[in-house]
Structures are given as C-alpha cells and as structure tokens.
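Q: got a sequence here, can you model it:
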Amino acid sequence: MLFLGIDLAASEERPSGYCILSSRDLSCETGIVKRDEELLGLALSARPRVVAIDAPLSFAANGGPFRRCDLEARRRGFMVLPLSMPSMARLTSRGIELKKSLEERGFEVIEVFPTGGFRALGIVPPRRGIGKALEGLRRMGLRIEGAKSVHELDAVMAAYTAFKYFVGEVEVLGDPAEGVIVFPRP
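A: Below is the predicted model:
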C-alpha cells in the first residue's frame, strides 16, 4: 500500500517536496516538483490510499487569521502561522485547489503539519538540522536513501502521517466542519 506526502509551496515557481511511502517496507521515494500537474501525475501513477498535504486546506469559518485546529496547535506550542499573512493565504488557496482536484479523482486527502509531527515524535525538524531529522526518521524504520532537502523530509513526515492516519495512530485537532490537522501519535 502506498501513501503520498506533499510539502506544498505557495507558488508553482517554488519547489514542493513529495514522498511516496510504501507500507510494505517503509521505503520512501522522494523528489522535488513545482507544478500541480506534476503532483496530480504522481498521485495518478502511485494510486496512494491517502494523500497528506502540508498546507492549510481551508480558511477560518469566521474569516479570521486562525481556525480552531490552528489555535489548538498553537496552544500545544506548534508555531502555526496566521492564514491572514499573504503567503499563507496563497498557500491555503493552492492547497484547497489541489485537494479539490485530488478528491475529484477519488483520493482521500488530509491536512498535516510536518514540523509539529517531527516534534510530536521527538525528532529534530529538518529546518533545525537535516542530518538529525534524517537520522530520526531512519530510527523509526523509514528507508530513505541519500541526502535530502528540507522539502523532501517534510514530505516524508507527511507521508508517514498519512500511513499512521490509515492505521488509526494519529491525533486530529480541530473541527471537521471548519478544518482539521492530523498529527502522528508517538
């Protein structure tokens, strides 16, 4: 069974990382793409059970800067940025459109926050040290070859969270009517 993790950039001009994780042996195929068509192509080719996207997939119901899931994550010490920031608004809009395209093709899509996932599992996030993040992921049994970028390692955590979601080993913050963030449980 395969799971797809996407570290989505706010613009198709910037790199988005991806990871296709096999639940059979926890092997990870990673890479960088830029365009939504490339991400859709990966999903159509791999046919993952769950797609996890590192981007907000909804706006706040009240039009404010934070959804309930964002506020819950912030209370737990995760630095979730306000959706009112221009770059976050662009990222959210792109995430919503990508989710819609994937769901129209029959994929189950969840929102994840890899930095919070790394912290929840006691692993140094890649932005604080790629080597330490890679070491922590490998300690969990993930098979990742070669040196990887921050975007690819965030995508690995996204794919791992999708796998944990499928087997029911996650914590879900927020309200399904407004939006939820899925975190792997230690």
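Q: just so I have it, where are all the strands in this structure?
A: Along the chain, the segments classed as strands by DSSP state E run 2-7, 16-22, 27-33, 50-53, 108-111, 143-144, 170-175, 179-184.
Q: Throw those strands into CSV and include mean neighbour count, thanks.
A: The way it works is simple: take the backbone N, C-alpha and C, and place the C-beta from them, glycine included. CSV is the format used below for the strands of the chain (neighbours: other Cβ atoms under 10 Å):
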stretch, mean neighbour count
strand 2-7, 27
strand 16-22, 25
strand 27-33, 18
strand 50-53, 26
strand 108-111, 20
strand 143-144, 16
strand 170-175, 18
strand 179-184, 22
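Q: can you list those strands in a markdown table and add mean pLDDT?
A: What follows is those, written out as a markdown table (pLDDT from 0 to 100):
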| stretch | mean pLDDT |
| --- | --- |
| strand 2-7 | 98 |
| strand 16-22 | 98 |
| strand 27-33 | 97 |
| strand 50-53 | 98 |
| strand 108-111 | 98 |
| strand 143-144 | 96 |
| strand 170-175 | 96 |
| strand 179-184 | 97 |
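Q: kindly reformat the ones you listed as TSV containing distance to residue 42.
A: Listed next are the strands of the chain as TSV, based on distance: least, Cβ to Cβ, whole Å:
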stretch	distance to residue 42
strand 2-7	6
strand 16-22	6
strand 27-33	7
strand 50-53	9
strand 108-111	13
strand 143-144	17
strand 170-175	23
strand 179-184	20
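Q: nearest to residue 127, out of those strands?
A: strand 2-7 (11.3 Å; Cβ to Cβ).
Q: that closest one pairs with which strands, parallel or anti?
A: Applying DSSP bridges, strand 2-7 is found paired with strand 16-22 (antiparallel), strand 50-53 (parallel).
Q: that strand vs strand 27-33, what angle?
A: Between strand 2-7 and strand 27-33, the angle comes out at 40 degrees (axes from the mean of the first three to the mean of the last three Cα atoms, to 10 degrees).
Q: quick one: contacts of strand 2-7?
A: 16-23, 39, 42-43, 46-55, 98, 112, 114, 151-152, 154-163, 166 (Cβ atoms under 8 Å, 6 or more residues apart in numbering).
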